[in-house]
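Visitor: Next input, structure requested:
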Amino acid sequence: MDILFVHQNFPAQFVHVARALKDRPGLRLAAVTHKGNEQSETLPGARYGWESGRAGSPHRIAANFALRSSQGHMAAKAMMALRNRGFDPRLIIGHLGWGETLFAKDVFPAADLIVHAEFFYSARGADVGFDPEFPDGGMDHLFELRAKNAAILAAMNDADIAVAPTRWQASRFPSYLQSKLNVVHEGVDTGLIRPDPAAAFQVAGTDRVFRVGDEVISFVNRNLEPYRGYHIFMRALPAILAARPKAHAVIVGGDGVSYGSAPSNGQSWKEIFLAQTRDRLPMERVHFVNRIPFPNFVSLMQVAAAHVYLTYPFVLSWSLLQAMSAGAAVIASNTAPVLEVIEDGVNGLVVDFFATEQLAQRVIDVLAHPRDYAAMRAAARRTIVENYDLKSLCLPRWLQLLGLPAQSEP
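Guide: Alright, predicted model coming up:
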């Protein structure tokens with residue numbers, strides 16, 4: 001049986017499913033991905049680029065749909081190349097956010113289409129308008145959001161099955177699509193990401209090594225930006241480090257933008273909010289480590305005395321669940337879908353997203369009284385093992401949706 005994965009940055013959210021299926025007898029896997037994808041873990045298949053040379057440009061409100069349609073067109077051409085080589089998938093697994101699956105059913109009409117339903121945009125109840133510090137752009141921005149959903153709705157219309165990683169993310173989609181939606185997280189390898197009393201984390205380029213028992217505050221984003229509360233964390237950090245003179249902050253994340261808008265002045269959000277607080281920070285105890293390899297990230301979660309996770313009401317980060325799996329004491333924002341995972345005082349602590357003083361006090365208390373939070377750390381790991389374990393729960397659920405057994409048949 002042929003199975004096709006479609007994602008501009010494959011393997012992305014499908015990494016575990018693809019690994020589980022890769023060496024199974026009787027299956028032939030392929031991937032359609034962007035030609036600029038530099039991920040080392042991929043599959044045979046076809047790559048697509050961007051269309052160019054077209055006259056004119058769409059109205060700004062329709063620009064996103066035009067982009068997604070173009071991306072879908074080029075992905076479809078890559079699928080046609082696969083079809084001409086005799087690849088005929090029974091299953092197509094893709095992400096609905098990029099337009100890549102828009103014409104998949106036209107190329108392979110007999111295939112079942114399974115889409116990763118990550119997020120549905122709306123003017124209320126989620127990220128838009130959440131942070132008053134960053135105005136949402138007025139009515140035109142709301143019009144753009146509605147148009148942005150056009151490609152998502154078209155992809156959902158053709159999908160046979162849609163998979164959302166959390167209940168809250170699934171709930172964002174319109175009611176008439178709920179019958180297609182299944183809530184299955186990508187999963188956490190709890191055997192790999194687990195507490196380790198012997199763990200150590202070295203700050204790259206230095207001889208600074210942190211171990212379990214050190215007062216390490218970790219903060220992790222793909223990019224350091226407001227959507228993930230970087231500005232709130234930086235404003236709380238001076239009070240934390242002043243109260244705990246032996247504490248160090250390790251900040252993981254790039255200088256770009258993953259969500260929302262870039263600053264208008266050409267600077268990075270990292271630079272802007274560091275500049276606001278630098279004169280109140282002992283910079284020898286603040287370690288910006290950019291992006292780090294995954295094994296180093298795991299070590300950091302294992303040694304962290306306190307892990308801060310803040311987010312707008314938006315897509316839930318893998319890093320939160322991974323930190324909990326490592327037994328971290330998590331201090332998180334009381335935003336959806338965080339509250340789907342964390343119960344305040346039981347398996348983590350929650351604070352109002354904007355309450356910098358409350359955030360600082362909670363981190364200070366966790367650092368000052370680590371023994372008081374031992375049960376909370378254990379409960380955090382138990383939450384992940386019992387609800388998000390990759391091998392025993394999430395991967396079998398994914399494979400069940402695909403109509404495939406959890407293990408290779410003899």
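Visitor: Now do the strands in the stretch 101-250 of the chain.
Guide: 112-116, 161-164, 181-183, 200-202, 209-211, 216-223, 248-254 (DSSP state E, counting those that start in this stretch).
Visitor: Tell me, domain by domain, which residues of the chain belong where.
Guide: Here the domain parsing of the chain from automatic domain parsing is 2-187+390-401, 200-387.
Visitor: All the helices of the stretch 151-300 of the chain, residue numbers only.
Guide: Along the stretch 151-300 of the chain, the segments classed as helices by DSSP state H, counting those that start in this stretch run 167-171, 230-243, 269-277, 294-303.
Visitor: The first one - what's its average pLDDT?
Guide: By that I understand helix 167-171. Averaged across helix 167-171, the pLDDT comes to 97.
Visitor: And that helix, what's buried?
Guide: Across helix 167-171, burial judged by 16 or more other CB atoms under 10 Å covers 168, 169, 170, 171. Placement of C-beta: from N, CA and C, glycine included.
Visitor: Likewise for the longest one?
Guide: The neighbour-count check on helix 230-243 (16+ other CB under 10 Å) flags 230, 231, 232, 233, 234, 235, 236, 237, 238, 239, 240, 241 as buried.
Visitor: That helix versus strand 248-254: what angle between them?
Guide: Helix 230-243 runs at 160 degrees relative to strand 248-254, counting by axes from the mean of the first three to the mean of the last three CA atoms, to 10 degrees.
Visitor: re earlier: just tell me which of the strands of the stretch 101-250 of the chain ends up closest to residue 390.
Guide: strand 161-164 (14.8 Å; CB to CB).
Visitor: Paired strands for that closest one, with orientation please.
Guide: Using DSSP bridges, the strands paired with strand 161-164 in its sheet are strand 112-116 (parallel), strand 181-183 (parallel).
Visitor: contacts for that strand?
Guide: Strand 161-164 is contacted from outside by 96, 112-118, 156, 170, 173, 177, 180-184, 398, 401, using CB atoms under 8 Å, 6 or more residues apart in numbering.
Visitor: let's see 6 Å
Guide: Applying CB atoms under 6 Å, 6 or more residues apart in numbering, the contact partners of strand 161-164 are 114, 115, 116, 117, 170, 180, 181, 182, 183, 184, 401.
Visitor: so how many other residues sit close to the closest residue to residue 381 other than its chain neighbours?
Guide: Residue nearest to residue 381 in three dimensions, not counting chain neighbours: residue 327, with 4.7 Å by CB to CB, 6 or more residues apart in numbering. Residue 327: 25 surrounding residues under other CB atoms under 10 Å.
Visitor: Show me which positions of stretch 363-375 end up buried.
Guide: In stretch 363-375, counting by 16+ other CB under 10 Å, buried: 363, 364, 365, 366, 367, 373.
Visitor: Columns pLDDT, secondary structure and distance to residue 388 on top of the residues you listed, output as JSON lines?
Guide: As requested, those are arranged in JSON lines below (pLDDT from 0 to 100; DSSP: H, G, I helix; E, B strand; the rest coil; distance: CB to CB, whole Å):
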{"residue": "363", "pLDDT": "98", "secondary structure": "helix", "distance to residue 388": "24"}
{"residue": "364", "pLDDT": "98", "secondary structure": "helix", "distance to residue 388": "29"}
{"residue": "365", "pLDDT": "98", "secondary structure": "helix", "distance to residue 388": "27"}
{"residue": "366", "pLDDT": "98", "secondary structure": "helix", "distance to residue 388": "23"}
{"residue": "367", "pLDDT": "98", "secondary structure": "helix", "distance to residue 388": "27"}
{"residue": "373", "pLDDT": "98", "secondary structure": "helix", "distance to residue 388": "21"}
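Visitor: Is it correct that residue 170 is in contact with residue 182?
Guide: No. At 8.0 Å, residue 170 and residue 182 do not qualify as touching, with contact defined as CB atoms under 6 Å.
Visitor: which residues are in contact with both of the two?
Guide: Common neighbours of residue 170 and residue 182 (CB under 6 Å, 6+ apart) do not exist.
Visitor: Give me the most central residue, this structure.
Guide: The C-alpha lying nearest the average C-alpha coordinate of the chain belongs to residue 317 (CA atoms, centre = their mean; 3.9 Å).
Visitor: how far away is it from residue 22?
Guide: 26 Å (CB to CB, to the nearest Å).
Visitor: Which one, of the domains of the chain, ends up nearest to residue 193?
Guide: domain 200-387 (4.3 Å).
Visitor: first vs last residue of the closest one, how far apart are they?
Guide: 28 Å (CA to CA, to the nearest Å).
Visitor: returning to what we had before: nearest to residue 382, of the buried residues of helix 167-171?
Guide: Distances from residue 382 to those, taken by CB to CB, are shortest for residue 168, at 21.4 Å.
Visitor: which ones are touching the residue lying closest to the closest one once chain neighbours are set aside?
Guide: Nearest residue to residue 168, sequence neighbours excluded (CB to CB, 6+ apart): residue 337, at 3.6 Å. For residue 337, the contacting residues are 166, 168, 316, by CB under 6 Å, 6+ apart.
Visitor: so what pLDDT did the last one get?
Guide: Residue-level confidence at residue 316 comes out at 96, pLDDT.
Visitor: Distance-wise, check it relative to residue 285.
Guide: In terms of CB to CB, residue 316 sits 30 Å off from residue 285.
Visitor: Then the second one?
Guide: The gap separating residue 168 from residue 285 is 36 Å, by CB to CB.
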